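Undergrad: output the structure for:
(one chain, ligands or ions: 1)
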Amino acid sequence: MLKTKKTVGDTTWFSQDRFGMFIHWGLYSLPARHEWIRQYEEISDEDYEKYFRHFDPDLYEPELWAQAAAKAGMKYFVVTTKHHEGFCLWDSKHTDYKATNAPVGRDLLRPMVDAFRKNGLRTGFYHSLIDWHHPDFVIDDMHSQRNHPDRAKMNEGRDQKRYAEYLHNQVRELLTEFGKVDILWFDFSYPPGKCGRDMKWIGKGCDDWQSEKLLKMVRELAPNIILNDRLDLSEGWDVITPEQYQPMSWVRINGEPVVWEACQTFSGAWGYHRDESSWKSIDQLVQMLVDSVSKGGNLLLNVGPTGRGEFDARALDRLEGMGRWMKYHSRSIYGCTQAPEGFEAPQDCRYTYNPETKRLYVHVFAWPFVHLHLKGLAGKVEYAQLLNDASEIKMEASEWFINQMNEQTGGRMKDTLTLTLPVQKPDVTVPVIELFLK
Ligand code: GLC
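TA: Next up, the predicted model:
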């Protein structure tokens, strides 16, 4: 199997579990038009206050959230403890800008962690490095007040070092007050001049977060925690996090395969977006999960709960659809990874492989007519079945057919195993053929 770059954090369970839930929830759930709304519309502190004054998710029941995630087949969750807006879901002693002071009047994070753990999911905390509310966060070219005529004056007295101290203090709280945290997901660095633009870009990176010091503290408090790659440090991260695209192959850094996780949304926003309509189908979402595992990666799929504290009907529909597929096909995901060298999946298919059970899974994205030709697998498969109903898939094709194929392909059928499939596609989102290798 492909050897990946050594990690400091414990990624063993992570690379087995493969599938997690991202949760983006905060004041931005009320404007309900993207979690960056404050930045997009350059909303001032005063104007944004109305969302704080009205944040009262009275229907919030984290047990329902955890059950929906577990039923979808998700094995871990990562929740925004604080997003770029600066609002904190937990009762942090370092700020008043938190759920306990909003109308909801209680810590929202602790019951969530308890509920997800009770339903068997591991815990991950997303924490924004960016904070458009904090009085010491120096206004830069990304800030919600970046175009304010008094930007320079507003920056007077702001002390980025004091903000970094606040950042570190809150991370300490998160790592010491909620039991074992399995993943820490910082977001994100935008160092000066590294945004691919020729203009002078006043951004923030490792010096502004004091990332080296933060990394040291994280490793002291939670040595085995999985740390993502957004602190603007070339080392110290455990997982690479491609976002809103599917990598073409196993992600490599400096040519070395790494542990990676694609983070994706159901629609076009991370936070609840009422009017955004580019919702992915269940087919697409299942294919993205399979595609990630077929390339040795994970999928972290995001839900943006509403300002009432619920997953909306569109999100529940997708989660239930993925759960229906995972009920029959999870063993082609859990414990699986990229197929061994030389096993090249046919067109419109993805392979996943379980090295423990030595089973190869053929995920068929487009159901072919009758035959499926598996290059390099002749003589290597002991038995084949459809995973959804364990019905046998015949492996032999007639002599006549093989000769025909060889004639037509100039002998390219050598080492090819031909499967004979039912004409009709099985009634599942993505049919999977389980091959028991010899
Ligand atoms: C981007 C977005 C941020 C979101 C994150 C999730 O950084 O700016 O809103 O939380 O992606 O990976």
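
Undergrad: and the stretch 51-200 of the chain, which of its residues are near the ligand?
TA: Listed as neighbours of the ligand in the stretch 51-200 of the chain under the rule C-beta under 6 Å from any ligand atom: 187, 188. Glycine gets a C-beta too; all of them are placed from N, C-alpha and C.

Undergrad: the strands in the stretch 51-200 of the chain, which residues?
TA: Per DSSP state E, counting those that start in this stretch, the stretch 51-200 of the chain carries strands over the ranges 76-82, 122-128, 183-187.

Undergrad: right, so those strands: which one is the most enclosed?
TA: Greatest average neighbour count among the strands of the stretch 51-200 of the chain goes to strand 76-82 (a mean of 27), per mean count of other C-beta atoms under 10 Å.

Undergrad: so for that one, what's the average pLDDT?
TA: Mean pLDDT, computed over strand 76-82, is 99.

Undergrad: ok, residues contacting that strand?
TA: 14, 17, 20-26, 66, 69, 88-90, 109, 112, 116, 121-128, 131, 170, 174, 182-183, 185, 300 (C-beta atoms under 8 Å, 6 or more residues apart in numbering).

Undergrad: where does the stretch 101-250 of the chain have low pLDDT?
TA: The stretch 101-250 of the chain contains residues with pLDDT under 70 at 194-199.

Undergrad: next one: residue 251 from the ligand, what distance?
TA: Distance, residue 251 to the ligand, using C-beta to the nearest ligand atom, to the nearest Å: 15 Å.

Undergrad: return the residues in contact with that residue.
TA: By C-beta under 8 Å, 6+ apart, the residues touching residue 251 are 240, 242, 257, 258, 260, 295, 297.

Undergrad: without its sequence neighbours, what residue ends up closest to the second one?
TA: Counting by C-beta to C-beta, 6 or more residues apart in numbering, the nearest residue to residue 242 once its immediate chain neighbours are dropped is residue 262, at 5.0 Å.

Undergrad: the host helix or strand of the one you found - what's its average pLDDT?
TA: Using DSSP states H and E, residue 262 falls within strand 261-265. Average pLDDT, strand 261-265: 98.

Undergrad: burial count for the residue in the stretch 1-150 of the chain that the ligand sits nearest to?
TA: Scanning the stretch 1-150 of the chain for proximity to the ligand using C-beta to the nearest ligand atom identifies residue 35 as nearest, at 4.8 Å. Applying other C-beta atoms under 10 Å, we find 25 residues neighbouring residue 35.

Undergrad: quick one, phi/psi of it?
TA: Main-chain torsions, residue 35, degrees, to the nearest 10: phi -70, psi -10.

Undergrad: which residue ranges of the stretch 301-438 of the chain form strands?
TA: Taking DSSP E, counting those that start in this stretch as the criterion, the stretch 301-438 of the chain carries its strands at 349-354, 359-364, 371-374, 381-386, 417-420, 432-437.

Undergrad: in strands, which of the contacts of residue 251 appear?
TA: residue 257 (DSSP state E).

Undergrad: the nearest residue to residue 362 once chain neighbours are set aside bridge partners, please.
TA: The shortest distance from residue 362 to any non-neighbouring residue, by C-beta to C-beta, 6+ apart, is to residue 433 (4.2 Å). Going by DSSP bridges, residue 433 is paired in beta bridges with residue 362, residue 386.

Undergrad: what's the mean pLDDT across the host helix or strand of residue 292?
TA: Assessed by DSSP H and E, residue 292 sits inside helix 282-294. Regarding helix 282-294, the rounded mean pLDDT is 98.

Undergrad: contact partners of that helix?
TA: Identification of contacts with helix 282-294 by C-beta under 8 Å, 6+ apart yields 18-19, 246, 261-262, 264, 266, 280, 298-299, 301, 317-318, 321-322, 325, 332-333, 336-339, 345, 350-352, 363, 365, 429-430.

Undergrad: what residues does the stretch 201-350 of the chain have near the ligand?
TA: Contact residues, the stretch 201-350 of the chain versus the ligand (C-beta under 6 Å from any ligand atom): 243, 263, 270.

Undergrad: neighbour-wise, which one of those residues leads?
TA: residue 270 leads these on contacts (other C-beta under 10 Å) with 27 neighbours.

Undergrad: is it true that it touches residue 22?
TA: Yes: with contacts counted by C-beta atoms under 8 Å, residue 270 reaches residue 22, the gap being 7.4 Å.

Undergrad: give the residues shared as contacts by these two.
TA: residue 302.

Undergrad: what sits against the residue of the stretch 1-150 of the chain closest to the ligand?
TA: So residue 35 contacts 24, 26, 28, 83, 84, 85, 269, 270, 271, 304 (C-beta under 8 Å, 6+ apart).

Undergrad: the residues you listed, buried ones only, as a PyMOL selection?
TA: Here is the PyMOL command that picks out the buried ones among these, judged by 16 or more other C-beta atoms under 10 Å:
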select buried, resi 24+26+28+83+84+85+269+270+271+304
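
Undergrad: mind putting the contacts of residue 35 into a markdown table with distance to residue 415?
TA: Shown next, in a markdown table, are these (distance: C-beta to C-beta, whole Å):
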| residue | distance to residue 415 |
| --- | --- |
| 24 | 48 |
| 26 | 55 |
| 28 | 55 |
| 83 | 52 |
| 84 | 53 |
| 85 | 57 |
| 269 | 47 |
| 270 | 46 |
| 271 | 51 |
| 304 | 48 |
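
Undergrad: which of the contacts of residue 35 sits closest to residue 380?
TA: Ranked by distance to residue 380 (C-beta to C-beta), these are led by residue 270 at 43.2 Å.

Undergrad: list the buried ones in stretch 317-337?
TA: Residues 318-319, 321-326, 328-337 are the ones in stretch 317-337 that count as buried (16+ other C-beta under 10 Å).

Undergrad: rewinding a little: save the strands of the stretch 301-438 of the chain as a markdown table, and put in mean neighbour count and mean pLDDT too.
TA: Putting these into a markdown table (neighbours: other C-beta atoms under 10 Å; pLDDT from 0 to 100) gives the following:
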| stretch | mean neighbour count | mean pLDDT |
| --- | --- | --- |
| strand 349-354 | 23 | 98 |
| strand 359-364 | 23 | 98 |
| strand 371-374 | 19 | 95 |
| strand 381-386 | 16 | 98 |
| strand 417-420 | 20 | 94 |
| strand 432-437 | 20 | 98 |
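
Undergrad: output these as TSV; include the columns distance to residue 75.
TA: Compiled in TSV, the strands of the stretch 301-438 of the chain are given as follows (distance: least, C-beta to C-beta, whole Å):
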stretch	distance to residue 75
strand 349-354	16
strand 359-364	18
strand 371-374	29
strand 381-386	25
strand 417-420	31
strand 432-437	19
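
Undergrad: that older thread, in contact with the residue nearest to residue 362, which residues?
TA: Neighbours of residue 433 in contact, by C-beta under 8 Å, 6+ apart: 361, 362, 364, 372, 384, 385, 386, 387, 393, 419.
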